[in-house]
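show me how the following folds:
(one chain, ligands or ions: 1)
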Amino acid sequence: MNEKNSEHELNRLRNQIDTIDSQLLSLINQRLEIGQKVGTIKKQTGSQILDRTRERKLIERLFKLNRGPAGKDLLRYVFNVIITATREIQKPKTISFLGPEASYTHVAALTHFKHSGKFVEQPNLYEIFREVEKNQSHFGVVPVENSIEGAVNHTLDLFADFDLNICAEHYEPVSHDLLSITGEAEDVQKIYSHPQALAQCKTWIKKKFAHAEIFETTSTSKAALLASDDKTIAAIAGKQAAHLYELQSIESKIEDYSGNITRFLVIGKEMPEPTGQDKTSIMFATSHVPGALFKALEPVNRAQLNMLKLESRPTRHHNWSYYFFLDIEGHKLDKRVADTIEEIKQYSLSLKILGSYPVFAKEAHEA
Ligand SMILES: O=C(O)C(=O)C[C@]1(C(=O)O)C=C[C@@H](O)C=C1
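Numbers count the residues shown, from 1 in each chain. Below is the predicted model:
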C-alpha cells in the first residue's frame, strides 16, 4: 500500500471507530438510564443497591456469548466499570447541612442541589467537615460569609483542620421573622437565635423587645424548635422554620439592613472542571515580618488577576500569626492562576489551594 492509500485506509478505519464509539456512548447512557429505573424500584421495595449474584450471572452470560478477541479479564474489567457507574447513579448523593431542618443552610443546600439527594442534618460545622472527610457524605454545605455580619470564622478555621475542596458556592438571601407559638408580642419574654441572626437584628430587638432576655443557639432552626415548646420564647428564624415548627410570625423582615445575603460553600472531594467563569480560593500563612502580606499579594496584582476576597484568621499555632483566605478570579488549571499561586507560595510559610469552582450564577438555580 502506498502512503496515500494507507492514509486513506487509516481515516476510513478511524471513522468506523468513531461510529462505534458513538453507539457505545449512546448504549452506555441508555444502560445508565435503565439502571436509574432499577434503582427507583429498589428504593421503593427497600432492596439493596448491590446485588452480587446478579452481577456474577451477568458477567458469566457475557463470557458464554463472547467470541473474542476480547479476553475474560478485559470483559470483567470493562463491565465492572460499567456496573460500578450504574451503582453510583442509583445511589443518591448525600449532603450534610447544619441542622436542624429548615435552617438557612438547609434551604441553601436544597436550592443548590435542586432538592435531589439525601439531606442529612449535622449538629455543628465540625461534624459537616468530618462527615465529608470520612466519606459518609458526598458534600457538605457550610455558611462562610454574610453581607452584613462578615465572615463565619468557625468555617474558615475548619479549612485549616481538614483537607477538603470547595466544589461550589451558593448565595442565599436571608430574611428573618420573629416567631412564636401564639404570634403575640406580649407573650415574648425570651428571644433565641443563632449569634449571627441576633447580630443582624440587634437594633430592632433593642427598639421593640428591650425587656426580653437574649439566648444564643447553634442555629436559627434550633431556636424555632425550642420556641415551638414554650410560648414565652420567640425565635429569630426564616419562613421555612415557621412552617416546619408551626410557629406564627410576630413580625417579618426584622433585620436591621435589607439586602441581607449569605454566601455558602459546598465542600467535598470533587474537583470541578474549568467553566470559563471560575474562582479559586486559597489559604496561606505569612511569616511575621514587615511587608510579608504585601509581598505575598504582589503577584496577584502583577498577573492582573481580580482579587475577590481577602480575610484573615489567627493560625492558633503561634500568637500574632495569621492565615489569609484569598479568592481570585480564574481556575487553578489556568496557567496565569497556577503561576501566581506558585509565586505566593514563595512568600508563605504554608499554602493550601481550597478549590476552584464556578462563580455563582443565580439563574442556574432558578430553573
Ligand atoms: O440489576 C440490578 O439489580 C441493578 O441494579 C443493575 C446492576 C447492573 O449495573 O447491571 C447494578 C447493580 C447491582 O449490583 C446489579 C446489577
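
who's in contact with the helix or strand residue 74 falls within?
Assigned by DSSP states H and E, residue 74 belongs to helix 72-90. Contacts of helix 72-90 with the rest of the structure, by CB atoms under 8 Å, 6 or more residues apart in numbering, involve 28, 31-32, 35-36, 38-39, 42, 49-50, 55, 58-59, 62-63, 66, 70. Quick note: C-beta positions are derived from backbone N, CA and C, even for glycine.

restrict those residues to contacts with the ligand.
35, 38, 50, 55, 58 (CB under 6 Å from any ligand atom).

of the contacts of helix 72-90, just the buried ones, ChimeraX syntax please.
Restricted to buried positions by 16 or more other CB atoms under 10 Å, the ChimeraX selection for the contacts of helix 72-90 reads:
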select :35,38,39,55
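
mind checking which of the contacts of helix 72-90 are in helices?
Among the contacts of helix 72-90, the members falling in helices (DSSP state H) are 28, 31-32, 35-36, 38-39, 42, 55, 58-59, 62-63.

list every C-alpha atom in the helix holding residue 74, with coordinates, as CSV.
Written as CSV, here are the backbone C-alpha positions of helix 72-90 (Å, rounded to 0.1, in the frame of the first residue of the first chain):
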residue,chain,number,x,y,z
LYS,A,72,-12.2,-12.7,30.1
ASP,A,73,-10.1,-10.3,32.1
LEU,A,74,-10.9,-7.4,29.7
LEU,A,75,-14.6,-8.2,29.8
ARG,A,76,-14.6,-8.4,33.6
TYR,A,77,-12.7,-5.1,33.8
VAL,A,78,-14.9,-3.2,31.3
PHE,A,79,-18.2,-4.5,32.7
ASN,A,80,-17.1,-3.9,36.3
VAL,A,81,-16.6,-0.2,35.4
ILE,A,82,-20.0,0.0,33.8
ILE,A,83,-21.7,-1.8,36.7
THR,A,84,-19.9,0.4,39.2
ALA,A,85,-21.1,3.5,37.3
THR,A,86,-24.7,2.1,37.4
ARG,A,87,-24.5,1.5,41.1
GLU,A,88,-23.2,5.1,41.6
ILE,A,89,-26.1,6.6,39.6
GLN,A,90,-28.6,4.5,41.7
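
please renumber so the chain begins at 459
Noted, 459 is the first residue going forward, which turns the last one into helix 530-548.

need the residues of the stretch 509-658 of the chain near the ligand, please.
Residues of the stretch 509-658 of the chain lying near the ligand (CB under 6 Å from any ligand atom): 509, 512, 513, 516, 541, 544, 545, 548.

circling back: tabulate the ones next to the ligand among the contacts of helix 530-548 in JSON lines, adding columns for distance to residue 578 and pLDDT.
Formatted as JSON lines, these follow (distance: CB to CB, whole Å; pLDDT from 0 to 100):
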{"residue": "493", "distance to residue 578": "24", "pLDDT": "95"}
{"residue": "496", "distance to residue 578": "24", "pLDDT": "95"}
{"residue": "508", "distance to residue 578": "21", "pLDDT": "86"}
{"residue": "513", "distance to residue 578": "28", "pLDDT": "93"}
{"residue": "516", "distance to residue 578": "32", "pLDDT": "96"}
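
quick check, nearest of those to residue 787?
Checking these against residue 787 with CB to CB, the nearest one is residue 493 at 39.1 Å.

any idea how far the closest one is from residue 483?
15 Å (CB to CB, to the nearest Å).

SS state for the residue of the stretch 659-808 of the chain found nearest the ligand?
Going by CB to the nearest ligand atom, the ligand is nearest to residue 728 of the stretch 659-808 of the chain, at 22.2 Å. Assigned by DSSP: H, G, I helix; E, B strand; the rest coil, the conformation of residue 728 is coil.

which residues are in contact with it?
Residue 728 makes contacts with 596, 623, 625, as judged by CB under 8 Å, 6+ apart.

all the helices of the stretch 559-708 of the chain, in order from the start?
562-570, 583-591, 611-619, 653-658, 660-666, 678-685, 697-702 (DSSP state H, counting those that start in this stretch).

residue 672: which of those helices is closest?
Here helix 653-658 is closest among these (CB to CB), at 6.3 Å.

report how many residues lie close to the closest residue in space to residue 792 that isn't next to it in sequence.
Nearest residue to residue 792 in three dimensions, chain neighbours excluded: residue 732, at 6.9 Å (CB to CB, 6 or more residues apart in numbering). Other residues lying near residue 732 total 15 when counted by other CB atoms under 10 Å.
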